[in-house]
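Chemist: Sequence plus the predicted model coming up.
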Amino acid sequence: MVIEQFKASANMLDEDPFDSTGLHPDPTNLLAQEHIDLGILKRLTGQSIISADQFDKELVLEICKFAALLEATEIASSRPLTGKIVITAFFEASTRTRLSFESAVLRLDGKIISIPTGQSTGVAKGESLSDIGEMFNAYGDLVVVRHTDTHSIEEIMQNLRLPLINAGNGSGEHPTQALADWFAILKWKPGLIKEHIKPRDQIHLGILGTPGSMRAVNSFLRMSILFQSGIRKISIVSEMADPLGPELADRLEKSGIAFEITNDIHAVQSDLDVIYVNSIAFLGDHYESLNSRFKLNKESDLKPDAVVLHPLARLDELDPLLDETHHNLYFTQAHGAVFVRQALFIAMLNRFDRLPKKAFPFINH
Ligand code: CP
């Protein structure tokens, strides 16, 4: 079923969320090339997702293709998550991540138990995260966790026997955000899937942010390295003297991708094809806006077909007047996260056999 039918079946014709401003590349752009490889997706069954480092390129591609098929297909009526309970345990603030995970579950007929704030748990009485992890085992089938502390995930996992998704741990990582980021990029430029890409089709990727202290940017950079055949150069624009830290710098060096670190946005912005922006960092115990000198707005000297990504929330680094332009890929990035997260739930909980046979012929029913 194509997306128009999906919208019609969901009664979305009058109030259509897909019609927000900005670019909306067709998810079927990603489906033209090859079949989805179920064997690769099944590598996720029963696994936890902690870091972008767990993914290789073929797994990212299969997740993105599967997410594209879910975006283009009506599957709610086949109820693939019936009988499954997902625990969303958010010990730190979130708009998009918690709601998109929960939307993904509910649209697949799963059920949710949610912790919207850590203070609503035994943490308020001094309970340890490892004890809370032990409790999760009895209450659900999969846990999605966000926390201010970088070490929180390993503490919860000490006693946890369910699969877990790291939905952001302090200044650590946010791996499913990176999947949503690359899902948006590949829908926009599906040619980046290829192994051999002509130099003129490669992208110059700009990162206005500090990967070493921003979890979304950290995971995005780690995942971007997998797409090195499609990247001509990475320019990191930061006010920090060392925005990467030794481990990320070493990884980027070894990738063979040409890269530069600069604090002069004007020196690079007119050459960038993809600009990833973020300013809010969680530094130990508080949020801080970094890189306040760098701002994108309608006057910025961007290539006509350059696209902007932002994990959001934004401050004044990204002018809302850009929302109505074709530089805006960030709303598609946020909306598409629901389908990426649906793909992860179906794969991690191995509910492929519940999908409608006609739309998913690659599955043995
Ligand atoms: N992208 C992201 O993590 O947004 P939230 O903080 O709103 O979840």
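Modeler: Thanks, I have the structure now.
Chemist: what bits of the stretch 151-300 of the chain have low per-residue confidence?
Modeler: Where the stretch 151-300 of the chain drops to pLDDT under 70, the residues are 291-292.
Chemist: Could I get the full set of strands for it?
Modeler: Per DSSP state E, counting those that start in this stretch, the stretch 151-300 of the chain carries strands over the ranges 164-169, 203-208, 231-237, 258-262, 274-277, 280-283, 286-289.
Chemist: and if you look at the stretch 1-150 of the chain?
Modeler: Secondary structure of the stretch 1-150 of the chain, counting by DSSP E, counting those that start in this stretch: strands at 85-90, 111-115, 142-147.
Chemist: Sheet-wise, list the partners of the last one with their directions.
Modeler: Here the strand partners of strand 142-147, with direction, are listed using DSSP bridges: strand 85-90 (parallel), strand 164-169 (parallel).
Chemist: again, but for the shortest one
Modeler: Using DSSP bridges, the strands paired with strand 111-115 are strand 85-90 (parallel).
Chemist: Let's see the partner strand as CSV, backbone CA atoms only.
Modeler: The C-alpha coordinates for strand 85-90 follow below in CSV (Å, rounded to 0.1, in the frame of the first residue of the first chain):
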residue,chain,number,x,y,z
ILE,A,85,4.9,-4.6,26.7
VAL,A,86,7.5,-1.9,26.2
ILE,A,87,8.8,0.0,29.3
THR,A,88,9.9,3.6,28.5
ALA,A,89,12.0,4.7,31.5
PHE,A,90,12.9,8.3,31.1
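Chemist: got the contact list for it?
Modeler: 97-98, 101-102, 105, 110-118, 121, 132, 136, 139-146, 156, 167, 345 (CB atoms under 8 Å, 6 or more residues apart in numbering). In short, each C-beta sits where N, CA and C put it, glycine included.
Chemist: The residues you listed also near the ligand: which ones?
Modeler: Restricting these to those near the ligand by CB under 6 Å from any ligand atom leaves residue 97.
Chemist: Just the buried ones among the contacts of strand 85-90, please.
Modeler: Neighbour-count burial (16 or more other CB atoms under 10 Å) applied to these gives 97-98, 101-102, 105, 110, 112, 115, 118, 132, 136, 140-146, 156, 167, 345.
Chemist: so who does the nearest residue to residue 81 once chain neighbours are set aside touch?
Modeler: Using CB to CB, 6 or more residues apart in numbering and skipping residues adjacent in sequence, the residue nearest residue 81 is residue 110, 3.1 Å away. Residue 110 makes contact with 81-82, 84-86, 345 under the criterion CB under 8 Å, 6+ apart.
Chemist: Among those, which one sits closest to the ligand?
Modeler: Closest approach between the contacts of residue 110 and the ligand, by CB to the nearest ligand atom: residue 86, at 15.9 Å.
Chemist: count of neighbours near that closest one?
Modeler: By other CB atoms under 10 Å, 27 other residues sit near residue 86.
Chemist: of the strands of the stretch 151-300 of the chain, which approaches residue 318 most closely?
Modeler: The closest of these to residue 318 is strand 274-277. By CB to CB, the value is 5.5 Å.
Chemist: The closest one pairs with which strands?
Modeler: Applying DSSP bridges, one finds strand 274-277 paired with strand 203-208 (parallel), strand 307-309 (parallel).
Chemist: how far off strand 258-262 does the first one point, in degrees?
Modeler: With axes from the mean of the first three to the mean of the last three CA atoms, to 10 degrees applied, the angle from strand 203-208 to strand 258-262 works out at 30 degrees.
Chemist: hey, C-alpha coordinates of strand 203-208 in CSV?
Modeler: Listed next in CSV are the C-alpha coordinates belonging to strand 203-208 (Å, rounded to 0.1, in the frame of the first residue of the first chain):
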residue,chain,number,x,y,z
ILE,A,203,28.7,14.8,0.1
HIS,A,204,30.6,17.4,2.1
LEU,A,205,29.2,16.8,5.6
GLY,A,206,29.3,19.7,8.1
ILE,A,207,28.9,19.2,11.8
LEU,A,208,28.1,22.4,13.8
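Chemist: Now do that strand: distance to the chain's middle.
Modeler: Strand 203-208 sits 17 Å away from the centroid of its parent chain (CA atoms, centre = their mean, to the nearest Å).
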